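Undergrad: The following comprises the amino acid sequence and a computationally predicted model.
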Amino acid sequence: MKKSIAPAFVRSSHLPRGVIAFAGVIGLVCSAPAYADEGSENEGSPAEGEGQQDPQNAGTPPDSGGPPPGIMADSVFDDTWITVGMGAGLVPSYSGSDDYVFFPLPLIVGRVGGIGITPNGPGFNLNVLSQPPGDAPSQTSISFGPTFRFRNDRAGQIEDPVVELAGDLETAIEVGVQGGVSFPGVLNRFDQLTLSTAVRWDILGAHDGMLIEPGIGYFSPLGRGAAVQIIGSASFVDDSFADYYYTVTPAQSAATGLPEYTADGGLNSIGATAIATIDLDGNVLNGGLNVFMVGGYSRLMGDAANTPFTNQRGSADQFIGGIGLGYTF
């Protein structure tokens, strides 16, 4: 039976493991066409400052079938481009832990065969509606496609000796669909506001559950070679997910000394993350090396916070931090 345990505050279950650490890289490289068109206008009208470009026409000027000749000629962002990288992050050792471990943050983002690829923590999203950078839409853009995620929560690296006695869990592979809509030019010429949602199901029979993850993000470049992004997110889980990760069974109670607890689904977490990305030569158009940095805070909600794994052995306040190096070609 569910025990009445004093509520604890919480963290977002999908922020650890660097889930959105690379969003700033994505936003920076996707702003390349706008920078290119801005540069073209400045060349043609030196007296007109950088601030005169119309962002609604970025990438496809009037009376043109595409970017003016030469604008994207020296850019790596054509029909096919890739950014790969590797970083390291400090994350909770499990969802609800107050112990932190280092975790690798691999990166792959790009566009291959007309399909956009973006990272999703230890996984990735595919966008079947991806457009070439030179064909950036003048109003809103829509993304849609499959999403994949590996979840290894409490499958290893459990630093708490009591929680470790509860035993390791199985790694889950989650598959689903994701979609979003982005609105350009919210506060300045090249910023962007994005609303998104993902739904995923475990296909390996680990937690055998479902997650719904809505999010909102704001991106803004800082000149031609730097960008910042702020992302708010939430996670809703079903009973199967909550039961697998947050229930304390009689056997686990006997092994750990923690009270028995039965967890139900619902709002699992809320969180916010800030990301900064810097192109090392100051020009995102020519690709090359870039550095990304991320910091985030999240709180577990409901039974994810009230479970003894969090309430008695960990903390509902969760933090992440990381830094990495990427290369675009």
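TA: Alright, I've got the coordinates.
Undergrad: what about stretch 316-328, average pLDDT?
TA: Here stretch 316-328 scores 96 as its mean pLDDT.
Undergrad: Show me which residues of that stretch are buried.
TA: Neighbour-count burial for stretch 316-328 flags 316-320, 322-324, 326, 328 (criterion: 16 or more other C-beta atoms under 10 Å). Every C-beta, even on glycine, is put in place using the N, C-alpha and C of the backbone.
Undergrad: Run the chain-centre distance for that stretch.
TA: Taking the mean C-alpha point of stretch 316-328 and that of its whole chain, the gap between them comes to 10 Å (C-alpha atoms, centre = their mean, to the nearest Å).
Undergrad: What of stretch 150-157?
TA: Centroid separation for stretch 150-157 versus its chain: 18 Å, with C-alpha atoms, centre = their mean.
Undergrad: For the buried residues of stretch 316-328, which two are the farthest from each other?
TA: Farthest pair in these (C-beta to C-beta) is A316 and T328. Separation: 37.7 Å.
Undergrad: For the helix or strand in which F144 is found, which outside residues touch it?
TA: Remark: F144 resides in strand 141-151, with elements defined by DSSP states H and E. Strand 141-151 is contacted from outside by 115-116, 120-131, 171-182, 184, 196, 198, 200, 202, 206-207, using C-beta atoms under 8 Å, 6 or more residues apart in numbering.
Undergrad: Among the residues you listed, the buried ones, what's the PyMOL command?
TA: Burial among these is assessed by 16+ other C-beta under 10 Å; the matching PyMOL selection reads:
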select buried, resi 116+120+121+122+123+124+125+126+127+130+131+171+172+173+174+176+178+179+180+182+184+196+198+200+202+206+207
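Undergrad: Just the contacts of strand 141-151: which are in helices?
TA: Applying DSSP state H to the contacts of strand 141-151, no entry is found in helices.
Undergrad: Leaving out the residues flanking it, which one is nearest to N152?
TA: What sits nearest to N152 in space, not counting adjacent residues and going by C-beta to C-beta, 6 or more residues apart in numbering, is T171, at 4.7 Å.
Undergrad: hang on, the one you found packs against A155?
TA: Yes: with contact defined as C-beta atoms under 8 Å, T171 reaches A155; the gap is 4.9 Å.
Undergrad: now the angle between strand 141-151 and the one helix or strand T194 maps to, please.
TA: In this assignment (DSSP H and E), T194 forms part of strand 192-202. Between the axes of strand 192-202 and strand 141-151, defined by axes from the mean of the first three to the mean of the last three C-alpha atoms, to 10 degrees, the angle is 40 degrees.
Undergrad: C-terminal to strand 192-202, what's the next element?
TA: Following strand 192-202 toward the C-terminus (DSSP H and E): strand 210-221.
Undergrad: Show me what that next one is packed up against.
TA: Contacts defined by 3 or more C-beta pairs under 8 Å, 6 or more residues apart in numbering; DSSP states H and E place strand 210-221 against helix 23-30, strand 192-202, strand 226-237, helix 239-246.
Undergrad: Fine, thanks again, bye for now.
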